[in-house]
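Q: for reference, the sequence and a predicted model appear below.
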Amino acid sequence: MLINITVLPGDGIGPEVTGEAVRVLEAVARRFKHELQFSSQAIGANAIDKSGDPLPPETLRSCLESRAVLLGAVGHPNFERHPVHQRPEAGLLRLRRGLGGFANLRPAFIFPALIDASPLRPEIVRGTDMLIVRELLGGLYFGEPRGIDESGAAFNTMRYSEAEVERVARVAFELARLRRRKVTSVDKANVLESSQLWREVVIRVAADYPDVTLEHQYVDSCAMSLVSRPASFDVIVTENLFGDILSDQAGAIVGSLGLLASATIGGRVGLYEPVHGSAPDIAGKGIANPLGAILSAAMMLRYSFALETEAAAIEQAVDQALAAGLVTHDLATSRAAALNTEQCGRLIVEYLSGA
Ligand code: IPM
Ligand code: MN
């Protein structure tokens, strides 16, 4: 079976980490006899430099014509003072909307080998295994109206329709059924109408899942619980901005944001991207952690192609490499011992190929 995948390396460390993820996917294809075809397209700052547009039409077209999209990262310090619609990030937001995926799955779990890499005490972080389901197409990121008015004041709109909340809530409950059957819905219903609606709809959806326990938490309190009792969470479902913030926090809790992968499902084509950004401070140095991108590739195999065995093989290779002492620069306490991006990718390929 021929599977075509669009790769969007993007900016900063994006090309370095997607390069390794593609290498790992090629190793999977060899081992399990699949035919993968990759086509690389521009997005973000490099696309603006080339064509003036952070999401050129041919990039979106290629994505819509492929079976899945693998993205590195977008963002560049050169654009810090640009209006938001002219920034690299605008390309990513238009891509997300164009592909239509509304449920962004961000698993965060502690690898046993990395217990000591967490800033939290081992007894607190042990057993942490959560899945953040971030709503990706609504809320402040996309709400209208937005802008700057005549007086110079700036505004954004946090807007959610019942349908938007319901569809992402259903994804969260379905996924909870495959896990520990607990959903924590995170909102700010003591202050925001959009959160009151969110909570009402989630409660209504929960009635269809009597076997799943539902709890509600305000986002401020959730931020605290994440560090004081991270292992108590199973599935967290929340709106776009809250999910963005809490997933970075979850990354730090499990040792490094560089480890976190994501899958965006529910649209025409699945989008897979590490949770970390373009990390301009280390771009081009070859020291970025490619595991977030590699684990995103595993999620692609699982969610876009239903290749569960292949996905699990990547995850197992990562687990084994870490257990055998793999450290990347973000995880290393002493720099000398750390593998660079390419060495890390190559090691995962070795484990995958049964070395
Ligand atoms: C993420 C990123 C993006 C977001 C940025 C780059 C637009 O932070 O995927 O978490 O805010 O969604
Ligand atoms: Mn983010």
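A: Thanks, I have it. The model shown is predicted, which means the values in this text are computed figures rather than measured ones. Ligands and ions are numbered 1, 2, ... in the order given.
Q: use CA for all of it now, contacts and neighbours both
A: Will do.
Q: now residue 324, what are its backbone angles?
A: Main-chain torsions, residue 324, degrees, to the nearest 10: phi -80, psi 0.
Q: who are the contact partners of the closest residue to ligand 1 within the stretch 51-200 of the chain?
A: Nearest residue of the stretch 51-200 of the chain to ligand 1, counting by CA to the nearest ligand atom: residue 89, 4.8 Å away. Going by CA atoms under 8 Å, 6 or more residues apart in numbering, residue 89 touches 44, 54, 74, 75.
Q: so which of these belong to helices?
A: Nothing among these maps onto helices, per DSSP state H.
Q: most neighbours out of those, which is it?
A: Highest neighbour count within those, by other CA atoms under 10 Å: residue 54, with 29 neighbours.
Q: so what's it scoring on pLDDT?
A: Listed pLDDT for residue 54 reads 98.
Q: so what's residue 339 closest to, chain neighbours aside?
A: Leaving aside its chain neighbours, residue 339 sits nearest to residue 328 (5.1 Å; criterion: CA to CA, 6 or more residues apart in numbering).
Q: count of neighbours near that neighbour?
A: Per other CA under 10 Å, the neighbour tally for residue 328 reads 24.
Q: contacts only, for it.
A: Counting by CA under 8 Å, 6+ apart, residue 328 touches 287, 288, 289, 338, 339, 340, 341, 344.
Q: again, only using 10 Å
A: Applying CA atoms under 10 Å, 6 or more residues apart in numbering, one finds that residue 328 lies in contact with 256, 258, 287-291, 322, 335, 337-341, 343-344.
Q: now do residue 11
A: Going by CA under 10 Å, 6+ apart, residue 11 touches 42-47, 72-76, 88, 277-280, 283.
Q: can you tell me the closest non-neighbouring residue to it?
A: Residue 11 sits nearest to residue 74 (CA to CA, 6+ apart), 4.9 Å away.
Q: that neighbour and residue 277 touch, don't they?
A: Yes - between residue 74 and residue 277 there is a contact under CA atoms under 10 Å: 6.7 Å.
Q: up against ligand 1, what does the stretch 51-200 of the chain have?
A: Of all the residues in the stretch 51-200 of the chain, those in contact range of ligand 1 (CA under 6 Å from any ligand atom) are 74, 89.
Q: now the stretch 201-350 of the chain
A: Contact residues (CA under 6 Å from any ligand atom) of the stretch 201-350 of the chain with ligand 1: 244, 275.
Q: strands along the stretch 151-300 of the chain, start to end?
A: According to DSSP state E, counting those that start in this stretch, the stretch 151-300 of the chain carries its strands in the segments 154-155, 182-187, 213-218, 235-238, 263-265, 270-272.
Q: in this structure residue 159 contacts residue 135, no?
A: No - Residue 159 sits out of contact with residue 135 when judged by CA under 10 Å, with a separation of 12.0 Å.
Q: the two: who's more crowded?
A: residue 135 (26 against 17).
Q: which pLDDT value belongs to the more buried one?
A: For residue 135, the model assigns a pLDDT of 99.
Q: contacts for stretch 305-312?
A: 3, 25, 28-29, 31-32, 67-68, 270, 295-303, 315-316, 318, 352.
Q: quick check: mean pLDDT across that stretch?
A: On average, stretch 305-312 scores 98.
Q: buried residues in that stretch, which are they?
A: Of all the residues in stretch 305-312, those buried under the rule 16 or more other CA atoms under 10 Å are 310, 311, 312.
Q: with only the CA atoms kept, save the helix or strand hosting the last one in PDB.
A: Just to be clear, that refers to residue 312. Using DSSP states H and E, residue 312 sits within helix 308-323. The C-alpha coordinates for helix 308-323 follow below in PDB (Å, rounded to 0.1, in the frame of the first residue of the first chain):
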ATOM      1  CA  GLU A 308      -1.000   0.000  15.700                       C
ATOM      2  CA  THR A 309       1.800  -2.600  15.700                       C
ATOM      3  CA  GLU A 310       4.000  -0.200  13.800                       C
ATOM      4  CA  ALA A 311       3.200   2.700  16.100                       C
ATOM      5  CA  ALA A 312       3.900   0.500  19.200                       C
ATOM      6  CA  ALA A 313       7.200  -0.600  17.600                       C
ATOM      7  CA  ILE A 314       8.400   3.000  17.500                       C
ATOM      8  CA  GLU A 315       7.200   3.700  21.100                       C
ATOM      9  CA  GLN A 316       8.900   0.600  22.300                       C
ATOM     10  CA  ALA A 317      12.200   1.500  20.500                       C
ATOM     11  CA  VAL A 318      12.100   4.900  22.300                       C
ATOM     12  CA  ASP A 319      11.300   3.300  25.600                       C
ATOM     13  CA  GLN A 320      14.200   0.800  25.200                       C
ATOM     14  CA  ALA A 321      16.700   3.500  24.100                       C
ATOM     15  CA  LEU A 322      15.800   5.600  27.100                       C
ATOM     16  CA  ALA A 323      16.000   2.600  29.400                       C
END
